[in-house]
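Chemist: predicted coordinates and the sequence they were generated for:
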Amino acid sequence: MSSPLLADLADIVGAEHVLTDPDVTQSFGTDWTRAWSSTPLAVIRPASTAEVAAVLRLCHANGTPVVTQGGNTGLVGGGVPHGDRTSVVVSMTRLNSVAAVDRATQTVEVGAGVTLSQLQAHASSAGFRYAVDLAARDSATVGGMVATNAGGLRVVGLGDTRAQVMGVEAVLADGTIIRRLEPLAKDNGGYNLSQLMTGSEGTLGVITAARLRLVRQPAEPEVVTLIGLPDVESAVDLVASARQRGDLTAAEMIRAEGMAVVRAVCGLTQPLANEHPVYLLLETATLPDLPNDVDAAVDPRMWEYRDRQAEAVATLGIPFKLDVCLPITAIPEFLKEMDQLPDTQGREVHVYAHLGDGNLHINLVDIDEPTSERLDEQVLTLVAQFGGSIAAEHGVGVHKTKWLHLSRSSAEIATMKAIKNTLDPTGILNPGVLLP
Ligand code: MLT
Ligand code: ZN
């Protein structure tokens, strides 16, 4: 090991779990989007909460910045270092323990490094389901999903990650361990620190484990319906009527440009009889009520057209991406106005959406600068004018710290900073992320 710090880290986790070769560490330093990339000082791979605590104690004493990383599927630069050879990446994938499902409380305790697919398979083998699902399921980890309060495909029916978190174990900046993993439905002993850690994006502590709620497996698989529509207004109306029936678990939107690119890149056939400006995917317990003569297909394979949007768009270049939330009824007008902004006019804007949540993913690919602040400012100011949130499910990361004031008051931001300064007084945890 070439420095006393790295030698001490190797004493904690084992030399083979301190990675320093830039050819190896570069992928840990590069965001999924490829828009943010730096070389880590080292990648540390602890295997237990005690090792994470020892790593943090050491980094705290040395003033070394720590970036916590799970599956590295983040899209806002929140899970990678910024600045070459300044931060250690603490990779959590070896904390992958999975306890038996607690049937009496319908919960399970899992390590931060367990992937969403592993958690889903584990829950399902016990006859339950983990409610959150998203396309990056094979790589995204529980720790990362809790740290970002991940949303995904079923929030409209089953809630986001926050709704599933019963408790969290985390290590604070100085190595202190806080643990609340008991399966207690009622536990009002003061501030809910587990929920404080949820959505804190690695800035308040390192999440090492979580106790998560499970839901009952549906008796029959849900009905998946892809519907071709003339406009976004029709899609919003159909979501409203599907919600009224009370059995909606997902409502996703793809536009024509997204359908074209996913078909071309992934080699998929045209899913409906005709092409349409807008496609709505509904997942419901029973067949949805649809207008007469609508062009639709009922088939679980229709998910692929939505699931693979991000992957397909990323093949066109490093995209400029924004993830925002709007009141769902404002979305048609918002999209019309967004297309008229100085920097979007005349350009192909790929929008796919968790429409049921009002959550739009906005992607521009014919762009030189994937982190264009001009575009950020134009689109996010419009989002704020429509009463929306500038950060829906991907987090603030480094991408949106500058724009946090559009969604949070100065009093709220000052309160967040006070919490951050108390828990991480030397600012070693994920510097530059979340707070301006
Ligand atoms: C999705 O919904 O497909 C993901 O959030 C990824 C993305 O927005 O690109
Ligand atoms: Zn999404």
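Modeler: Sure thing, it's come through. Ligands and ions are numbered 1, 2, ... in the order given.
Chemist: close to ligand 1: what parts of this protein are there?
Modeler: Residues of the chain that fall close to ligand 1, judged by CB under 6 Å from any ligand atom: 135, 309-310, 323, 361. All C-beta atoms are positioned from the backbone trio N, CA, C, and that covers glycine.
Chemist: one more pass at 8 Å, please.
Modeler: Neighbours of ligand 1 within the chain, by CB under 8 Å from any ligand atom: 75, 134-136, 151-153, 306-307, 309-310, 313-314, 321, 323, 352, 354, 359, 361, 363, 393-394.
Chemist: which residues of the stretch 1-150 of the chain fall in strands?
Modeler: With strands called from DSSP state E, counting those that start in this stretch, the stretch 1-150 of the chain shows them at 18-19, 42-44, 66-69, 88-91, 107-111, 128-129.
Chemist: want to throw those into TSV with mean neighbour count?
Modeler: Formatted as TSV, the strands of the stretch 1-150 of the chain follow (neighbours: other CB atoms under 10 Å):
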stretch	mean neighbour count
strand 18-19	20
strand 42-44	24
strand 66-69	27
strand 88-91	26
strand 107-111	24
strand 128-129	18
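Chemist: just send those strands back as JSON lines, with distance to P288 and mean pLDDT too.
Modeler: Output for the strands of the stretch 1-150 of the chain, formatted as JSON lines (distance: least, CB to CB, whole Å; pLDDT from 0 to 100):
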{"stretch": "strand 18-19", "distance to P288": "49", "mean pLDDT": "98"}
{"stretch": "strand 42-44", "distance to P288": "47", "mean pLDDT": "98"}
{"stretch": "strand 66-69", "distance to P288": "40", "mean pLDDT": "98"}
{"stretch": "strand 88-91", "distance to P288": "43", "mean pLDDT": "98"}
{"stretch": "strand 107-111", "distance to P288": "31", "mean pLDDT": "98"}
{"stretch": "strand 128-129", "distance to P288": "21", "mean pLDDT": "98"}
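Chemist: quick check: which of the ones you listed is nearest to H82?
Modeler: strand 66-69 (8.6 Å; CB to CB).
Chemist: chain center to the closest one: distance?
Modeler: Chain-centre distance of strand 66-69: 16 Å, with CA atoms, centre = their mean, to the nearest Å.
Chemist: repeat for stretch 282-291
Modeler: 27 Å.
Chemist: start at 532, not 1
Modeler: Okay, using 532 as the starting number, the last item reads as stretch 813-822.
Chemist: which of the residues in it are buried?
Modeler: Within stretch 813-822, the residues scored as buried using 16 or more other CB atoms under 10 Å are 813-816, 819, 821.
Chemist: looking at the strands of the stretch 532-681 of the chain, which is nearest to E700?
Modeler: strand 638-642 (8.8 Å).
Chemist: does the residue in the chain positioned nearest to ligand 1 lie in a helix or a strand, and which?
Modeler: Using CB to the nearest ligand atom, the single residue of the chain nearest to ligand 1 is A841, 3.2 Å away. For A841, the enclosing helix or strand under DSSP states H and E is helix 840-845.
Chemist: can you list the residues that contact the following helix or strand past that helix?
Modeler: Moving toward the C-terminus from helix 840-845, the next helix or strand (DSSP H and E) is strand 851-856. By CB atoms under 8 Å, 6 or more residues apart in numbering, the residues outside strand 851-856 that reach it are 564, 566, 606-607, 888-896, 898, 900-903, 906-907, 910-911, 914, 919-925.
Chemist: likewise for stretch 905-913?
Modeler: 851, 853, 855, 865, 868-869, 872-875, 893, 895, 898, 921, 930-931, 933-934, 937.
Chemist: drop anything exposed from those.
Modeler: 851, 853, 855, 865, 869, 872, 874-875, 893, 895, 898, 921, 930-931, 934, 937.
Chemist: now, which of those residues sits nearest V699?
Modeler: Distances from V699 to the buried ones among the contacts of stretch 905-913, taken by CB to CB, are shortest for K931, at 23.8 Å.
Chemist: what's the domain layout of the chain?
Modeler: 535-622, 638-747, 754-916 (automatic domain parsing).
Chemist: residue ranges for the strands of the stretch 682-831 of the chain, please.
Modeler: So, for the stretch 682-831 of the chain - with DSSP E, counting those that start in this stretch - the strands run 696-702, 708-710, 737-744, 746-747, 754-760, 779-786, 809-815, 827-829.
Chemist: with mean pLDDT and distance to T617 added, can I get these in a markdown table?
Modeler: Listed next are those as a markdown table, based on pLDDT from 0 to 100; distance: least, CB to CB, whole Å:
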| stretch | mean pLDDT | distance to T617 |
| --- | --- | --- |
| strand 696-702 | 98 | 21 |
| strand 708-710 | 98 | 26 |
| strand 737-744 | 99 | 18 |
| strand 746-747 | 96 | 42 |
| strand 754-760 | 98 | 46 |
| strand 779-786 | 98 | 39 |
| strand 809-815 | 98 | 43 |
| strand 827-829 | 98 | 51 |
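Chemist: what's the closest of these to T729?
Modeler: strand 696-702 (5.1 Å).
Chemist: please, where are all the helices along the stretch 632-781 of the chain?
Modeler: 647-656, 673-678, 686-689, 692-695, 724-728, 763-776 (DSSP state H, counting those that start in this stretch).
Chemist: winner for burial among the ones you listed?
Modeler: The highest mean neighbour count among these, using mean count of other CB atoms under 10 Å, belongs to helix 673-678: a mean of 31.
Chemist: pull that one out as CSV, backbone CA atoms only.
Modeler: The C-alpha trace of helix 673-678 is given here as CSV (Å, rounded to 0.1, in the frame of the first residue of the first chain):
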residue,chain,number,x,y,z
VAL,A,673,-31.0,-1.9,-0.9
GLY,A,674,-28.5,0.6,0.6
GLY,A,675,-28.6,2.8,-2.5
MET,A,676,-32.3,2.5,-2.8
VAL,A,677,-32.9,3.5,0.8
ALA,A,678,-30.3,6.3,0.6
